[in-house]
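> Have a look at this fold, sequence not included:
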């Protein structure tokens with residue numbers, strides 16, 4: 001029975017751009033055991049999809065995560081195709097979203113995993129993704145019917161300019177960053193929401209996976225544990241990247257292996273000036289508050 005004392009999030013708006021069509025959630029028929037994986041983007045989404053897949057399928061190396069766990073609010077493939085495929089799944093479903101919370105239909109019975117990462121690391125990862133995008137990527141994003149708002153264009157050659165644009169225009173050319181983190185942070189105490197930080201996964205992945213399994217109420221078979229851990233490593237995922245990347249990486253020059261990049265943090269430290277770093281850190285506190293800004297920068301397990 002639903003707890004009537006909890007104020008559950010409600011959808012208050014639709015969100016559209018070159019990537020998003022949030023209206024698909026209005027037609028998504030939730031099951032009580034659904035798992036929703038949410039991030040701003042480039043924060044460990046694919047990694048978390050693999051972790052959840054390995055927990056659900058007991059360490060199976062052949063799980064095609066890209067097929068089983070779609071990005072639901074991406075404008076393509078067509079909504080009807082994605083919804084039909086998800087309705088036909090007979091295993092425990094796990095889908096991903098990059099929507100802000102107030103543009104998402106929220107189910108009190110589903111489980112939500114929100115993954116955070118320092119925005120500077122997010123931008124550096126996004127730049128890698130954007131610079132490796134091929135003509136098919138631009139065509140699908142800009143020419144698929146239903147585009148609302150401006151097209152997405154090629155990135156500047158200088159990553160410093162990319163960073164400057166992202167800061168000055170709040171997530172440009174992707175989507176607003178601060179509201180995404182802030183909205184989910186406000187929901188972090190809900191019983192069906194769990195926050196995970198990219199750095200905490202890097203520091204102690206086995207511990208984090210056990211906590212995720214407990215949250216999802218998935219029992220890990222001891223004999224399968226080593227396989228789960230192996231298949232969630234960056235090295236294994238990069239070697240098997242086509243299983244994790246939508247379309248097998250057909251939107252990227254260099255294929256799926258480019259999408260599974262390095263999982264490395266701090267690459268911005270050699271590029272941003274001390275003044276730019278201070279500017280970002282002050283902005284994070286202003287937008288998110290000190291507690292959330294500290295978590296975003298360091299994770300929950302930081303010393």
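Happy to help now that I have it. Computed from a predicted model, the values in this text were never measured in an experiment. Numbering: from 1, shown residues only.

> Could you use CA atoms for every contact and neighbour count after this?
Noted.

> now the helices for this protein?
Per DSSP state H, the chain has helices spanning 45-56, 65-68, 79-88, 119-131, 135-143, 159-168, 178-186, 198-203, 205-216, 225-231, 234-239, 256-259, 274-288, 290-298. These are given in chain order.

> among these, which is the most enclosed?
Ranked by average neighbour count under the criterion mean count of other C-alpha atoms under 10 Å, the helices of the chain are headed by helix 45-56 at a mean of 24.

> just how off-centre is it within its chain?
Relative to the mean C-alpha coordinate of its chain, helix 45-56 is positioned 11 Å out (C-alpha atoms, centre = their mean, to the nearest Å).

> Does it pack against any helices or strands, and if so which?
Using 3 or more C-alpha pairs under 8 Å, 6 or more residues apart in numbering; DSSP states H and E as the contact test, the elements touching helix 45-56 are strand 35-38, helix 65-68, strand 94-97, helix 225-231.

> report the angle between the axes of that helix and helix 205-216?
Calculated by axes from the mean of the first three to the mean of the last three C-alpha atoms, to 10 degrees, helix 45-56 forms an angle of 70 degrees with helix 205-216.

> Identify all contacting residues around helix 45-56.
The list of residues contacting helix 45-56 from outside it, by C-alpha atoms under 8 Å, 6 or more residues apart in numbering, reads 37-39, 60-61, 63, 65, 69, 92, 94, 96, 115, 209, 213, 218, 220, 228, 231-232, 244-245.

> quick one: average confidence on it?
Averaged across helix 45-56, pLDDT comes to 97.

> With adjacent residues omitted, what lies nearest to residue 32?
Sequence neighbours aside, residue 109 is the residue nearest to residue 32 in space, at 5.1 Å (criterion: C-alpha to C-alpha, 6 or more residues apart in numbering).

> Show me where the stretch 201-303 of the chain dips below the pLDDT cut-off.
Low-confidence regions of the stretch 201-303 of the chain, defined by pLDDT under 70, span residues 243-249, 251, 254-263, 302-303.

> do you know which of the helices and strands packed on helix 45-56 lies nearest residue 200?
Residue 200 lies closest to helix 225-231 among these, at 15.0 Å (C-alpha to C-alpha).

> Which residues does that closest one contact?
50, 51, 54, 55, 58, 59, 60, 61, 205, 206, 236, 237.

> Please repeat the previous calculation with a cut-off of 10 Å.
Judged by C-alpha atoms under 10 Å, 6 or more residues apart in numbering, the contacts made with helix 225-231 from elsewhere in the structure are 50-55, 57-62, 205-206, 209-210, 220-221, 236-237, 240.

> Could you do stretch 134-151 as well?
The set of residues external to stretch 134-151 that reach it, using C-alpha under 10 Å, 6+ apart, is 15-21, 74-78, 130, 152-154, 173, 250-255.

> Provide a ChimeraX selection command restricted to the buried entries of those residues.
Restricted to buried positions by 16 or more other C-alpha atoms under 10 Å, the ChimeraX selection for these reads:
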select :15,16,17,18,19,20,21,74,75,76,130,152,173,250,251,252,253,255
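
> Need the helices of the chain in CSV (columns: distance to residue 100).
What follows is those, written out as CSV (distance: least, C-alpha to C-alpha, whole Å):
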stretch, distance to residue 100
helix 45-56, 15
helix 65-68, 22
helix 79-88, 19
helix 119-131, 16
helix 135-143, 20
helix 159-168, 17
helix 178-186, 5
helix 198-203, 19
helix 205-216, 22
helix 225-231, 30
helix 234-239, 27
helix 256-259, 23
helix 274-288, 14
helix 290-298, 16
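
> Nearest to residue 10 among those helices would be which one?
Nearest to residue 10 among the helices of the chain is helix 178-186 (11.5 Å), distances taken as C-alpha to C-alpha.

> so where's the stretch 1-150 of the chain shaky on pLDDT?
For the stretch 1-150 of the chain, applying pLDDT under 70 flags the ranges 1-4.

> circling back to that earlier point, pull out the buried members of the contacts of helix 45-56.
Using 16+ other C-alpha under 10 Å as the threshold, 37-39, 61, 63, 65, 69, 94, 96, 115, 209, 213, 220, 228, 231-232, 244-245 are the buried ones among the contacts of helix 45-56.
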